[in-house]
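**Q** no FASTA, just this:
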């Protein structure tokens, strides 16, 4: 066994330096040159220099003037991602879906799309479906005192399509759309409760 | 229809990529000059002289196995120490403290055995040093260990007595330098450009549009995500793995990551064909794996896009990210459980019962549908030994594979390796389903609760690492029991497979005759699939009937729990 000691320890030390330190640190160095913004979390900074979030990470919205995100099992805690992990026959899941559907439909009218009533995998899903977003347009327009068509236009402009037309879902980034809404209708950007 | 085109395109690119990679790998493992030798040759030689290794010296199967065990034991010690001491070590901007002993044991075993079960949540419980020097290191070397063992086993089936099984230190070093590291750099750069963070800065603090504080965890993620996909490791940087928008931000990042899960496992089929100097042998195994893959994917796809009748119309979106939807979540789930990857881009706990059934079967048959890097292939060779043996019994001739006789010793060893799976899953699961302390881990009532236990032990034995994550795997009982299951599932297969290789390479190769059962045609492919089903799937059918199948019938009847 003693003959194994030297190769085992020496190899481990060499691999530690190469793959455990040199590789991630070199990648960090390269990242800071080729993509400094996305490598540090795609943060969005508004005019006053304060970051308001990350373009990739969902955040909670409850005010009527904003597009609302998908339900989150962790309440949009971006330091502790998580899902409900409830199984398909769970009564708890069925009840929360029913409660979310009732809430969405009483806020917005119409029938709630499935992504509006189910919690995401990460609890930080930045996107909602175009149906979900468009379904909220009338409420947002009402809260901002503008024509729903103007809100719909902003939503449509922020709708991304599947890659090559085959991979992924059409989607609307909630934070980016809400920033656009605030920019477009600045006077009413701080609505009341 | 777009989904089908997407799947076909994925299969074509994956097969092509695996084929090209095999052409590179055959040179790498032969120790010949390859594309990267000018750059990395000096590094390779430096490693050997540091470790005192003569690269030409082939080891016997016992020597090879001892080197695997010694190297992995040293790796376990180092990782355990880092996890326990991370609070005192540098590169810890968020001030994360030491991991508890049982969790550190579980995590260290998990990464050394290429399981990468996450009983912890990365962003909350690991320093950047632990992520890099602890986990990323093991992501490379545990994957390289699996690849090295597979290459040695293939040499046993195809090589000659003189060439021997090879040298573990060389095979492991070459796997890292010429395969895993360059691929990780390429994938890591793609991920960085797609938005995966790669920074040493601590968490970002922002004020949301509605005025709430949000703390956004980040870190050197891209470098680790790249290798955890390529090395079928699967341990994510963040708690929810590749469902996290930082770990897998775009469709492009998702497609590259899904490709990376199966790239090296697919290439092993072609590498086998080249080493056997008969490409058809590799294609036959590739065909058997592909057929089972397509079948599993079909069931998951139909279940997830069909949705949950108890929740209303639409796809099953609970526990899924909108950008991926049902189709790409189904593809990932099939790939990650077919391989021993275990990374997820959607929560398997919330999948439909029959989708959960497929992921369970994928793991319980030993992850031989492409499987883990190296591990999937030597696992499939275990079934090949059994299939050839069965064929021999049926036609009344002494069984042969690639010109070598399969005899009592090989079959005994294959069965011994195979038994570790039912032993770990059924016995471990049964204890966990009866001991009150272990039962506390179960989250869901009804048959789904049993599925959670089964999934936990199947994943641990299979060195997969994905979970029905509602199940409390972080309880001390489970961290310890699962740790032991992971050790069993790794080494109780590696050692017998190396022994089979050692026994085969010592045998005379006889040329095939008209009476030899051909192992490259459709008949053999069918026989191999049937063997996997009979040995693997039927062993677990009774308990699967009580879990996912019972849940499926309850769901149809509109019954909730």
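**A** Yep, it's here. Keep in mind that this is a model prediction, so the values were computed, not measured.
**Q** next up, the contacts around residue 86.
**A** All of this is about chain A. Residue A:86 makes contact with A:92-93, B:318-319, B:349-350, B:443-444, B:470, according to Cβ atoms under 8 Å, 6 or more residues apart in numbering or on different chains. For every residue, glycine as well, the C-beta is placed using N, CA and C.
**Q** right idea, wrong chain: chain B
**A** B:92, B:96-99, B:126-127, B:129-130, B:134.
**Q** let's see that with 6 Å instead.
**A** For residue B:86, the contacting residues are B:127, B:130, taking Cβ atoms under 6 Å, 6 or more residues apart in numbering or on different chains as the criterion.
**Q** for it, give me phi and psi.
**A** For residue B:86, the backbone dihedrals (degrees, to the nearest 10) come out as phi -60, psi -30.
**Q** and it, how far is that from chain A?
**A** Noted for residue B:86: a distance of 13 Å to chain A, by Cβ to the nearest Cβ, to the nearest Å.
**Q** so what are the domain limits for chain A?
**A** Under the assignment named as automatic domain parsing, the residue ranges that make up the domains of chain A are A:2-34, A:43-188.
**Q** quick one: buried residues of the shortest one?
**A** In other words, domain A:2-34. A:4, A:7-16, A:18-21, A:23-24, A:27-28, A:30-31 (16 or more other Cβ atoms under 10 Å in any protein chain shown).
**Q** in chain A, what residue comes closest to chain B?
**A** In chain A, no residue comes nearer to chain B than residue A:114, which is 2.9 Å away by Cβ to the nearest Cβ.
**Q** please report the distance of that residue from residue B:316.
**A** Counting by Cβ to Cβ, to the nearest Å, the gap from residue A:114 to residue B:316 is 8 Å.
**Q** ok, now residue B:533?
**A** Taken as Cβ to Cβ, the span from residue B:533 to residue B:316 is 27 Å.
**Q** who's more crowded, the two?
**A** For residue B:533 versus residue B:316, neighbours defined as other Cβ atoms under 10 Å in any protein chain shown are more numerous around residue B:316 (24 against 14).
**Q** helix, strand or coil for that one?
**A** Judged by DSSP: H, G, I helix; E, B strand; the rest coil, the three-state class of residue B:316 is coil.
**Q** flag the shaky bits of the chain, pLDDT-wise.
**A** No chain in the question, so chain A it is. The model of chain A has pLDDT under 70 over residues A:1, A:187-193.
**Q** that's the other chain; I wanted chain B
**A** In the predicted model, chain B carries no residue with pLDDT under 70.
**Q** buried stuff in stretch B:31-43?
**A** Of the residues in stretch B:31-43, those buried under the neighbour-count criterion (16+ other Cβ under 10 Å) are B:34, B:36, B:40, B:43.
**Q** tell me which helix or strand residue 153 sits in.
**A** All of this refers to chain A. Secondary structure here is read from DSSP states H and E; on that basis residue A:153 sits in helix A:148-157.
**Q** ah, I was thinking of chain B
**A** With DSSP H and E as criterion, residue B:153 is part of helix B:137-158.
**Q** the helix or strand just after that helix packs against which elements?
**A** Under the assignment DSSP H and E, the closest C-terminal helix or strand after helix B:137-158 is helix B:168-174. The helices and strands touching helix B:168-174, judged by 3 or more Cβ pairs under 6 Å, 6 or more residues apart in numbering or on different chains; DSSP states H and E, are helix B:61-85, helix B:137-158.
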